[in-house]
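Enquirer: sequence-free structure coming up:
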DNA sequence: ATGAAAGCGCTAACAA
DNA sequence: TTGTTAGCGCTTTCAT
């Protein structure tokens, strides 16, 4: 302990914290002694116990890291969050989400890691075991893109309205047979066409909301293809399932619930010998940069991802200050690119 | 405190830890009392202070998160690391690397967050301020893909030999004019052709080692294009710079130091109207899945990324057990795809 | 302006 | 088998 080296006891605390009244000379003496003993400042563990705060925000990614982080949306969200949290002196602890059906339902870190707040990326329902464990521990929770749940702060975007606007754009272009490619419906992931029963059983609301957006535009999709994750290859698989039929019955437009899925659809359509947008229009959601689609630019709904992360960060700040931040729904914006065009003459 | 509720004091500790002798009846009584008071197990802060361990591994990503995580290599490494650390009860704290030249050199978390070990992804030299801060704090460090530094554990791959083998593959195909596209040379990032002076000043050894690999195969690159980050768009820019000249002098093969760069080169070559591999061969490094290149498969050097993460995890385990884990150099393997072929007849 | 003392919640040694 | 005690390193009253 530096105090032994210097002369005082807890005056050292003042010397380091800067708070409290202390003579410049004394402070300097303490700092010098610390340097001599290469003591590098207060031990964070002691400080944390004393203050009851760990300075750590646990971020539960909705999936195995590998899969989550292949999704630029999660990454950019995390980036915005880290940028906001850093200046507040808060660090982000990565917590893997449920890995597989036969794995333990919640990561041990959720049960026992020190954290002041937790963030659930990608939703969660009330009976989510992670949510229950956190509430048992009394750790406040911020949920991104989930249900509106009592007792937790929810940050989302107005995706339903965004998809509705996008769909109307397609209707205005004369499209009548519109198919859609969705995000996963729930923990039981599938890559397949979904029937009405399956659609009725959607538990992850993000897929449901974006599907509702299509209906809001007065459109009933000719087919709904459900994917197990927002990845390019699943979009390609969807394209093969949706676009292999004859031109007379094939959809003339595909609305994908993410840009990654949409770019997979574009690639799949090309593999089938279809031109985009002459033979089929493709639209996405998110507003990512997709350099490999160049020179095409995807028509999509742009969501403010980094801003979403920052909003989560501010909610955390408010929570830690003892406040009760309001839920937030951020606006989205339609961006028309080159992958949508007039419906082909039938 | 549960002890008040139950009947005992620190017997509760035994009840929760499971260690030590305790009567089943007593344990049950404690657990019941805990449930009644909804006490959710020992406070991690107290436990941490007592044990002197935080259970946290700080991972310093070599860059802004946004950029780091667009690189699948970092993500998969992190994934392998998290998978290994989880069962050990260790969590990963994300620490942003240097963000910009005018930013503070090290993130405050490096100075003051509680962590038992730190991992530096993507290198670091001896005078790296992060490394210095960590050593001042007495926190052991594992470095991935960096220099061999005294006092830190280094985990890497045999990339030099891998690039040499790859280059020999091209030589065997008859290529004589081979250009190369490199990873960043150091913190001062550029997107430009590099002259000899610039090459002599490489500080991030990963670029240097992979460049040396080309020479090991007896090849002097006709041009070296330096990129500011391992991203598709920088590969495309490199392709335009390297492949715009007349066929007689243009390189017939390009060795990129990452798959992302290589796929950018492929896209750029196509934009220039060149066929891959008939007009120009392109090879990469990493062994990623690149769905958007389909049906092409990149010729590349496959590195065991997840295994690298796991190796880092095991080194951390050994470090925390008081051992001194050895540096590791993991093997790589050439994978020939469809993007390299015989040199065009000149 | 500085020092003394208490206590954050826990666990490990020891005593009973 | 259980209870008592001490102390991890810190910050914060409260005295001096």
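Expert: Everything's here; your move. The shown structure was predicted, so the numbers you read here are calculated from the model rather than taken from an experiment. Numbering: from 1, shown residues only, chains lettered A, B, ... in the order given.
Enquirer: where exactly do the helices run in the stretch 101-250 of chain A?
Expert: Listed in chain order, the helices found in the stretch 101-250 of chain A under DSSP state H, counting those that start in this stretch are A:108-112, A:129-137, A:159-172, A:196-200, A:205-216, A:232-243.
Enquirer: so which of the ones you listed comes closest to residue B:329?
Expert: Nearest to residue B:329, of all the helices of the stretch 101-250 of chain A, is helix A:108-112, at 31.2 Å by Cβ to Cβ. For the C-beta atoms, the positions are set from N, CA and C on the backbone; glycine is no exception.
Enquirer: quick one: the closest one near DNA strand C?
Expert: No - using Cβ under 7 Å from any atom of the strand, we find that helix A:108-112 stays clear of DNA strand C, coming within 9.8 Å at best.
Enquirer: name the residues of that helix that come out as buried.
Expert: For helix A:108-112, burial by neighbour count (16 or more other Cβ atoms under 10 Å in any protein chain shown) applies to A:109-112.
Enquirer: pLDDT (mean, whole number) over it?
Expert: In this model, helix A:108-112 has a mean pLDDT of 94.
Enquirer: that one: how far from the chain's middle?
Expert: Centre-to-centre, helix A:108-112 and its host chain are 21 Å apart (Cα atoms, centre = their mean, to the nearest Å).
Enquirer: again with stretch A:167-185
Expert: Averaging C-alpha positions (Cα atoms, centre = their mean) puts stretch A:167-185 23 Å from its chain's average.
Enquirer: distance between the ends of it?
Expert: 20 Å (Cα to Cα, to the nearest Å).
Enquirer: cool, stretch A:205-225 as well?
Expert: 16 Å.
Enquirer: which parts of stretch A:86-98 are buried?
Expert: Quick answer for stretch A:86-98 (16+ other Cβ under 10 Å): A:86, A:90-98.
Enquirer: check whether that stretch contacts chain B.
Expert: Yes - interface with chain B: stretch A:86-98 contributes A:86, A:89, A:91-96 (Cβ under 8 Å from any Cβ of the partner chain).
Enquirer: now do stretch A:67-75
Expert: Yes - judged by Cβ under 8 Å from any Cβ, stretch A:67-75 comes into contact with chain B through A:69-70, A:72, A:75.
Enquirer: can I get the buried residues of helix A:108-112 in TSV with distance to DNA strand D?
Expert: As requested, those are exported to TSV (distance: Cβ to the nearest atom of the strand, whole Å):
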residue	distance to DNA strand D
A:109	22
A:110	24
A:111	21
A:112	17
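Enquirer: can I get these in TSV with distance to residue A:192?
Expert: Putting the buried residues of helix A:108-112 into TSV (distance: Cβ to Cβ, whole Å) gives the following:
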residue	distance to residue A:192
A:109	33
A:110	31
A:111	35
A:112	38
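Enquirer: for DNA strand C, what's its nearest residue on chain A.
Expert: residue A:8 (2.3 Å; Cβ to the nearest atom of the strand).
Enquirer: what helix or strand does that residue sit in?
Expert: Under the criterion DSSP states H and E, no helix or strand holds residue A:8.
Enquirer: do you know the pLDDT at it?
Expert: 72.
Enquirer: wait, which of the buried residues of stretch A:86-98 is closest to residue B:268?
Expert: residue A:94 (34.6 Å).
Enquirer: make sure the closest one is actually in contact with residue B:91.
Expert: Yes - counting by Cβ atoms under 8 Å, residue A:94 touches residue B:91, with 7.1 Å between them.
Enquirer: residue A:162 against residue A:300, yeah?
Expert: No - with contacts defined as Cβ under 8 Å, residue A:162 does not count as touching residue A:300, sitting 9.3 Å away.
Enquirer: residue A:154 bridge partners, please.
Expert: Applying DSSP bridges to residue A:154 yields these beta-bridge partners: residue A:143.
Enquirer: tell me how many other residues crowd it.
Expert: By other Cβ atoms under 10 Å in any protein chain shown, 21 other residues sit near residue A:154.
Enquirer: quick check, pLDDT for it.
Expert: With respect to pLDDT, residue A:154 has a value of 96.
Enquirer: who's in contact with it?
Expert: Taking Cβ atoms under 8 Å, 6 or more residues apart in numbering or on different chains, we find residue A:154 in contact with A:142-144, A:146-148, A:327-328.
Enquirer: whichever of those residues end up buried, select them in ChimeraX.
Expert: ChimeraX command restricting these to the buried ones, with burial defined by 16+ other Cβ under 10 Å:
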select /A:142,143,144,146,147,328
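Enquirer: longest helix in chain A, please.
Expert: Scanning chain A for the helix with the most residues, using DSSP state H, yields helix A:305-320.
Enquirer: tell me what that one is packed against?
Expert: helix A:72-85, strand A:117-120, strand A:141-144, strand A:153-157, strand A:328-330 (3 or more Cβ pairs under 8 Å, 6 or more residues apart in numbering or on different chains; DSSP states H and E).
Enquirer: one step back: mind putting the helices of the stretch 101-250 of chain A into TSV with distance to residue B:253?
Expert: Formatted as TSV, those follow (distance: least, Cβ to Cβ, whole Å):
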stretch	distance to residue B:253
helix A:108-112	47
helix A:129-137	50
helix A:159-172	43
helix A:196-200	50
helix A:205-216	45
helix A:232-243	27
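Enquirer: so which of those is nearest residue A:187?
Expert: Here helix A:129-137 is closest among these (Cβ to Cβ), at 11.0 Å.
Enquirer: now the closest one, how far from the chain's geometric center?
Expert: 20 Å.
Enquirer: now stretch A:197-204
Expert: Remark: stretch A:197-204 is offset 21 Å from the chain centroid, using Cα atoms, centre = their mean.
Enquirer: what's the mean pLDDT across it?
Expert: Averaged across stretch A:197-204, the pLDDT comes to 95.
Enquirer: for that stretch, buried residues please.
Expert: Buried, per 16+ other Cβ under 10 Å, within stretch A:197-204: A:198-199, A:202-204.
Enquirer: what of stretch A:190-198?
Expert: Neighbour-count burial for stretch A:190-198 flags A:194, A:198 (criterion: 16+ other Cβ under 10 Å).
Enquirer: and that stretch, how far apart are its ends?
Expert: Taking Cα to Cα, stretch A:190-198 runs 10 Å from one end to the other.
Enquirer: what lies in contact with that stretch?
Expert: Under the criterion Cβ under 8 Å, 6+ apart, residues A:182, A:184-185, A:223-228, A:234, A:237-238, A:241 lie in contact with stretch A:190-198.
Enquirer: ok, residue A:108 touching residue B:91?
Expert: No - with contacts counted by Cβ under 8 Å, residue A:108 stays clear of residue B:91, the gap being 9.2 Å.
Enquirer: any common contacting residues for the two?
Expert: With Cβ under 8 Å, 6+ apart, residue A:108 and residue B:91 have no common neighbours.
Enquirer: close to DNA strand C: what parts of the stretch 1-150 of chain A are there?
Expert: A:7-11, A:14, A:20-23, A:25-26, A:49-50, A:52.
Enquirer: and if we set it to 10 Å?
Expert: Within the stretch 1-150 of chain A, the positions adjacent to DNA strand C are A:3, A:6-15, A:20-27, A:29-30, A:45-52, A:112 by Cβ under 10 Å from any atom of the strand.
Enquirer: buried subset of the residues you listed?
Expert: Buried among these (16+ other Cβ under 10 Å): A:3, A:6, A:8, A:11-15, A:22, A:26-27, A:29-30, A:45, A:47-49, A:112.
Enquirer: list phi and psi for whatever residue of the stretch 51-200 of chain A ends up closest to DNA strand D.
Expert: Proximity of the stretch 51-200 of chain A to DNA strand D (Cβ to the nearest atom of the strand) peaks at residue A:51, 6.2 Å away. The phi/psi pair for residue A:51 (degrees, to the nearest 10) reads phi -80, psi -20.
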